[in-house]
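> prediction below, plus the sequence it came from.
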There are 2 protein chains.
Amino acid sequence: MIKKIRTTPRREASLSRDRIVEASIELLDRNGEAGLTFRALSERLATGPGALYGHIANKDDLLIAACDAIVARTMSECAIGATPQATLRAMALGMFDTIVAHPWVGSALTRALGQLPIVRLLERTGQQVGALGVPEDEQWAAVSALLSYILGVGGQNAVNGQLARARDIDRSTFLEGLSTTWSQLDPQTYPFTRRVAGRLRSHDDRADFLAGFDFILRGIERSSS
Amino acid sequence: MIKKIRTTPRREASLSRDRIVEASIELLDRNGEAGLTFRALSERLATGPGALYGHIANKDDLLIAACDAIVARTMSECAIGATPQATLRAMALGMFDTIVAHPWVGSALTRALGQLPIVRLLERTGQQVGALGVPEDEQWAAVSALLSYILGVGGQNAVNGQLARARDIDRSTFLEGLSTTWSQLDPQTYPFTRRVAGRLRSHDDRADFLAGFDFILRGIERSSS
DNA sequence: ACCTGAACACCGTTCAAGT
DNA sequence: ACCTGAACACCGTTCAAGT
């Protein structure tokens, strides 16, 4: 007896939350936040848009789940340093780099208030701040400052990346344009902005990020000693 | 001769960018980011959705313009202090309060990279950091740290506010829920989060914000002295 | 029990037609 | 020159019907 030949390709596996999240990440990485669509997603998974609602609550839920998968990976990969400061810096840089690689993670994080991806960051930050010797009743302030900063820069980098994709401008031409716009501002009301306009093109986001993180660390150390 | 009686109400004024922005702010304040719709907006202005495109480029442009109107007002209202530190703190608190009052401003700001509302913040911050005595080549790092922090907290507060509106939960019941969720996490992997869960309900966002801002200020002072 | 996909109630944006 | 508003090309989400 001859084996029956399939006319439609076999589905890789049955639909599951994990497969949906994995496919979402691919779509988000390829086309940014606009690339995640229930129609595109269901096509990729060879099903109908309605089927997805059996495994996820809605689009927000899906985006946060995708974000959490990426954050969990970053947390497990970034190094534990010799000192709490080093561990915190490694985590911060790890997040910076993943947001550069997956800009949509930056905007997803800002919308995940209190949810799992944020809790992962909160926990690691909290443990290291404790190890730093900050008294218990000052730990929350320190942790929320560090986290707010990471999320703030992350959000900026997200725009950076999505803007770069939207118009398919490369980063340096965008900065070039911003630099000329800023240098044409009124010198009376915008002296500082005009002054930094020139240096905009050559600056290093990653170094600036780390410098800012170190300001906060130093401020924390100073206040608890 | 009898005056002709109008059958439709007279338009207040002809369509203009300012009137559109003003109406947008009212819609955003009333119903959040979801409330700003070209249909709702054109109805409010007694015109068709297409007419708006004569005065604004697209929805993003409109949102940033509305955001800038609010930020400009805040900048002009917040006090100039006796010291650069005091002025910076007043500006930061002014932004915090306006974002609490207009949560959509928080998310609009994050998407306004390099645009007018950001430039207003950048300029004032830069001038005060200069007055603080930070050497020229370290000013950019200090300014971008302070700004990233403000934008980071602003983004969080925006979610806070929009989340409160979406489900019409009040803030304390939301924190209550988060507090119980966090306190049920695995004690082995989430000791810090569990520990702070209890204090979540009673904490003061505004005080935390200021404490974090002061960490950065202290870090800046320390590194440049 | 789970999937399917047409249908619903929306969006932002465009553009021929009007004034 | 400017406004009008139907039309276009999409969304997220639902739900009767299928298997």
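Structure received.

> where along chain A do the helices fall?
Assigned by DSSP state H, the helices in chain A fall at A:17-31, A:38-44, A:59-77, A:84-101, A:103-110, A:116-131, A:136-166, A:171-183, A:191-197, A:205-223.

> quick one: low-confidence parts of chain A?
A:1-13, A:225 (pLDDT under 70).

> just to revisit the earlier point, kindly reformat the helices of chain A as a markdown table containing mean neighbour count and distance to B:D97.
Heads up, the C-betas are built off the backbone N, CA and C, glycines and all. Shown next, in a markdown table, are the helices of chain A (neighbours: other C-beta atoms under 10 Å in any protein chain shown; distance: least, C-beta to C-beta, whole Å):
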| stretch | mean neighbour count | distance to B:D97 |
| --- | --- | --- |
| helix A:17-31 | 17 | 34 |
| helix A:38-44 | 16 | 38 |
| helix A:59-77 | 19 | 27 |
| helix A:84-101 | 20 | 28 |
| helix A:103-110 | 26 | 20 |
| helix A:116-131 | 20 | 24 |
| helix A:136-166 | 22 | 16 |
| helix A:171-183 | 15 | 28 |
| helix A:191-197 | 19 | 24 |
| helix A:205-223 | 20 | 22 |
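
> and the residue of chain A nearest DNA strand C?
Residue of chain A nearest DNA strand C, by C-beta to the nearest atom of the strand: A:G50 (1.4 Å).

> close to DNA strand D: what parts of chain A are there?
A:36-40, A:48-50, A:53, A:58-60 (C-beta under 7 Å from any atom of the strand).

> from the residues you listed, pick the one nearest A:S183.
Ranked by distance to A:S183 (C-beta to C-beta), the residues of chain A next to DNA strand D are led by A:L36 at 37.7 Å.

> measure the closest one to A:D60 for me?
A:L36 sits at a distance of 11 Å from A:D60 (criterion: C-beta to C-beta, to the nearest Å).

> for A:G126, same thing?
For A:G126 relative to A:D60 (C-beta to C-beta), the value is 26 Å.

> check A:P135 too.
Distance, A:P135 to A:D60, by C-beta to C-beta: 37 Å.

> before we move on, back to that, which two among the residues of chain A next to DNA strand D are spaced furthest apart?
Greatest spatial distance among these (C-beta to C-beta): A:G48 and A:D60, at 20.5 Å.

> quick one: closest of the helices of chain A to B:R120.
Evaluated with C-beta to C-beta, the helices of chain A place helix A:191-197 nearest to B:R120, the distance being 9.3 Å.

> what's the neighbour count on the closest residue to DNA strand D within chain A?
Relative to DNA strand D, the nearest point of chain A is A:G50 (2.8 Å; C-beta to the nearest atom of the strand). Using other C-beta atoms under 10 Å in any protein chain shown, A:G50 has 9 neighbouring residues.

> give me every residue in chain A lying close to DNA strand C.
Within chain A, the residues that sit near DNA strand C (C-beta under 7 Å from any atom of the strand) are A:14-15, A:46-51, A:54-55.

> can you tell me the closest non-neighbouring residue to the residue in chain A that chain B sits nearest to?
Nearest to chain B, among the residues of chain A, is A:G152, at 2.3 Å (C-beta to the nearest C-beta). Spatial nearest neighbour of A:G152, chain neighbours left out: B:G152 (2.3 Å); criterion: C-beta to C-beta, 6 or more residues apart in numbering or on different chains.

> now do A:Q85
A:Q85's closest residue in space is A:L217 (C-beta to C-beta, 6+ apart), at 6.0 Å.

> report the contact partners of A:G35.
A:G35 sits next to A:27-28 when contact means C-beta atoms under 8 Å, 6 or more residues apart in numbering or on different chains.

> show me the contacts for the residue nearest to A:C67 when sequence neighbours are not counted.
Closest residue to A:C67 apart from its sequence neighbours, by C-beta to C-beta, 6+ apart: A:A108 at 3.7 Å. By C-beta under 8 Å, 6+ apart, the contact set of A:A108 is A:63-64, A:66-67, A:117.

> please redo it, this time with the cut-off set to 10 Å
A:28, A:33, A:60, A:62-68, A:70-71, A:99, A:102, A:115, A:117, A:154, A:158 (C-beta atoms under 10 Å, 6 or more residues apart in numbering or on different chains).

> swap in A:R222?
A:R222 sits in contact with B:215, B:218-219, B:221-222, where contact means C-beta under 10 Å, 6+ apart.

> rewinding a little: could you single out the nearest of the residues of chain A next to DNA strand C to A:R167?
For these, the nearest to A:R167 is A:P49 (29.6 Å; C-beta to C-beta).

> surely that closest one meets A:K59?
No: between A:P49 and A:K59 there is no contact under C-beta atoms under 10 Å: 11.1 Å.

> could you tell me which residues touch both of these two?
When contacts are counted by C-beta under 10 Å, 6+ apart, A:P49 and A:K59 are jointly contacted by A:37-38, A:41.

> would CSV of those with distance to B:R19 be doable?
Shown next, in CSV, are the shared contacts of A:P49 and A:K59 (distance: C-beta to C-beta, whole Å):
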residue, distance to B:R19
A:T37, 35
A:F38, 37
A:L41, 40
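
> anything in stretch A:114-127 near chain B?
Yes: using C-beta under 10 Å from any C-beta of the partner chain, we find that stretch A:114-127 touches chain B at A:114-116, A:118-120, A:122-127.

> most widely separated two among those?
Applying C-beta to C-beta across the residues of stretch A:114-127 next to chain B, the maximum distance is between A:Q115 and A:Q127, 19.2 Å.
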